[in-house]
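Chemist: Show me the folded form of this:
(2 chains)
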Amino acid sequence: EPEVTQTPSHQVTQMGQEVILRCVPISNHLYFYWYRQILGQKVEFLVSFYNNEISEKSEIFDDQFSVERPDGSNFTLKIRSTKLEDSAMYFCASGFVGGSQETQYFGPGTRLLVL
Amino acid sequence: ELKVEQNPLFLSMQEGKNYTIYCNYSTTSDRLYWYRQDPGKSLESLFVLLSNGAVKQEGRLMASLDTKARLSTLHITAAVHDLSATYFCAVDTGTASKLTFGTGTRLQVTL
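Modeler: Numbers count the residues shown, from 1 in each chain, chains lettered A, B, ... in the order given. Next comes the predicted model:
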């Protein structure tokens, strides 16, 4: 069964460093998302991406964040200068439109720890 | 701003018992999703409810949607230990739009 994959599974970085989180969405999906979950809290939307551009972003997604789909398969989230409060689990999701099972499928997540 | 609330936040129940988790949301939507999350893991899609009155069942779980009341329920029948997890409902307000998640209900099924 197709699934969303993410790398790395864990990343530890120093405050102020740049990190790039990578995702490979399900191949026939057209909509891509990043969410994050701070430990013990609910899942929060960061950004959605369709047709090679951002379709929606949250207040969390400030100038320090960017997304890119550099080729036909990868979808990346970059944090330019990490802060302590960026420590969280980051989930990539992809989705399609149409059909009774229209939903977003989540990857396994990247646990980011900023020291 | 769309708000999604779940209750209870934590539920400890014995095996074999029945219980219901409630999900209320604050704006008009015909689309509601239930996910399961095991500790340290990702979100697994359980149910997709796309219209008023939708009811779906899988094993011991049944989900329903009342869009007029802005309420969804996740009913657990004869709970078993394997159902222990955190359950999230999520709402979107349009095709392929972002999901707004509830606070989650941590379910613990004890022997």
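Chemist: how close does the most centrally placed residue in chain A get to A:Asn52?
Modeler: Geometric centre of chain A, nearest residue: A:Trp34, 3.0 Å, by CA atoms, centre = their mean. Distance, A:Trp34 to A:Asn52, by CB to CB, to the nearest Å: 16 Å. C-betas here are computed from N, CA, C, even on glycine.
Chemist: picking that back up, quickly find the element holding the closest residue to the residue nearest to the centre of chain A other than its chain neighbours.
Modeler: Spatial nearest neighbour of A:Trp34, excluding adjacent residues (CB to CB, 6 or more residues apart in numbering or on different chains): A:Leu46 at 4.3 Å. Applying DSSP states H and E as the criterion places A:Leu46 in strand A:43-50.
Chemist: and the helix or strand following that strand, which strands flank it?
Modeler: Downstream of strand A:43-50, the first helix or strand assigned by DSSP H and E is strand A:53-57. Here strand A:53-57 is paired, per DSSP bridges, with strand A:43-50 (antiparallel).
Chemist: And for the strand it pairs with, what's in contact with it?
Modeler: A:30-38, A:54-58, A:60-61, A:65, A:67, A:69, A:75, A:77, A:90-91, B:43, B:88, B:90, B:96-101 (CB atoms under 8 Å, 6 or more residues apart in numbering or on different chains).
Chemist: what does stretch B:91-104 give?
Modeler: By CB under 8 Å, 6+ apart, stretch B:91-104 touches A:30-31, A:33, A:35, A:42-45, A:48, A:50, A:55-56, A:58, A:95, A:97, A:104, B:2-6, B:9, B:23, B:25, B:27-29, B:31-33, B:37, B:86-90.
Chemist: buried sites along it?
Modeler: B:Val91, B:Asp92, B:Ala96, B:Ser97, B:Lys98, B:Leu99, B:Thr100, B:Phe101, B:Gly102, B:Thr103, B:Gly104 (16 or more other CB atoms under 10 Å in any protein chain shown).
Chemist: Skipping its backbone neighbours, what lies nearest the fifth one in space?
Modeler: Right, B:Lys98. For B:Lys98, the closest residue by CB to CB, 6+ apart turns out to be A:Phe45, at 4.2 Å.
Chemist: which residues does A:Phe75 contact?
Modeler: So A:Phe75 contacts A:Arg22, A:Cys23, A:Val24, A:Pro25, A:Phe32, A:Phe49, A:Val67, A:Glu68, A:Arg69, A:Cys92, A:Ser94 (CB under 8 Å, 6+ apart).
Chemist: May I ask which of the residues you listed has the most neighbours?
Modeler: A:Cys92 (29 neighbours; other CB atoms under 10 Å in any protein chain shown).
Chemist: quick one: pLDDT of it?
Modeler: Reported pLDDT at A:Cys92 in the predicted model: 97.
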